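>>> sequence? don't have it. structure:
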């Protein structure tokens, strides 16, 4: 049948392996999150778990946080408007207009 369809037998019989996460590890991530007033993100949780000799990647911690719908209450906006560039460009434009009026 696989030959008629033009696919290999390995493709037909392939089953995706589910990666199981130890419930104790999930519990330790959730406990660390709530122990720190729900203000730790993945970076600080990773550091907190390393202190307890639990080695997890930030990606895995984020997956566990998403699974249990955990969100940090202390989130900062990282984008801030910088108006200094606008002033710099405006000063260049003004200086060119002044030079053009002097030399004309």
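Here it is on my side, so go on. Small disclaimer: the values here were computed from a predicted structure and weren't measured.

>>> hey, let's count contacts and neighbours off CA atoms from now on
OK.

>>> which residues of the protein fall in helices?
Here the chain has its helices, by DSSP state H, at 2-5, 9-13, 23-35, 42-51, 58-67, 84-103.

>>> and those helices, which one's lowest on average pLDDT?
Among those, helix 84-103 carries the lowest mean pLDDT, a mean of 65.

>>> follow-up on the earlier one: pipe the helices of the chain into a markdown table and attach distance to residue 73 and mean neighbour count per row.
Listed next are those as a markdown table, based on distance: least, Cα to Cα, whole Å; neighbours: other Cα atoms under 10 Å:
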| stretch | distance to residue 73 | mean neighbour count |
| --- | --- | --- |
| helix 2-5 | 53 | 8 |
| helix 9-13 | 45 | 9 |
| helix 23-35 | 11 | 15 |
| helix 42-51 | 13 | 16 |
| helix 58-67 | 13 | 16 |
| helix 84-103 | 31 | 10 |
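
>>> could I get those helices in a markdown table, plus columns for distance to residue 74?
Listed next are the helices of the chain as a markdown table, based on distance: least, Cα to Cα, whole Å:
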| stretch | distance to residue 74 |
| --- | --- |
| helix 2-5 | 55 |
| helix 9-13 | 46 |
| helix 23-35 | 12 |
| helix 42-51 | 12 |
| helix 58-67 | 15 |
| helix 84-103 | 28 |
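
>>> first-to-last residue distance for stretch 13-29?
Terminal residues of stretch 13-29 lie 36 Å apart, using Cα to Cα, to the nearest Å.

>>> make residue 1 into 6 and carry on from there
Sure, I'll start counting at 6 from here, so that last one is stretch 18-34.

>>> what does that stretch rub up against?
Contact partners of stretch 18-34, identified using Cα atoms under 8 Å, 6 or more residues apart in numbering, comprise 50, 54, 66, 69-70.

>>> now those as TSV including distance to residue 42?
Output for the contacts of stretch 18-34, formatted as TSV (distance: Cα to Cα, whole Å):
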residue	distance to residue 42
50	12
54	15
66	17
69	17
70	15
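
>>> just give me the closest of these to residue 77.
Comparing the contacts of stretch 18-34 against residue 77 with Cα to Cα places residue 70 closest, at 9.6 Å.

>>> wait, residue 61 sits on residue 50?
No: Residue 61 lies out of contact with residue 50 (Cα atoms under 8 Å); the separation is 9.6 Å.
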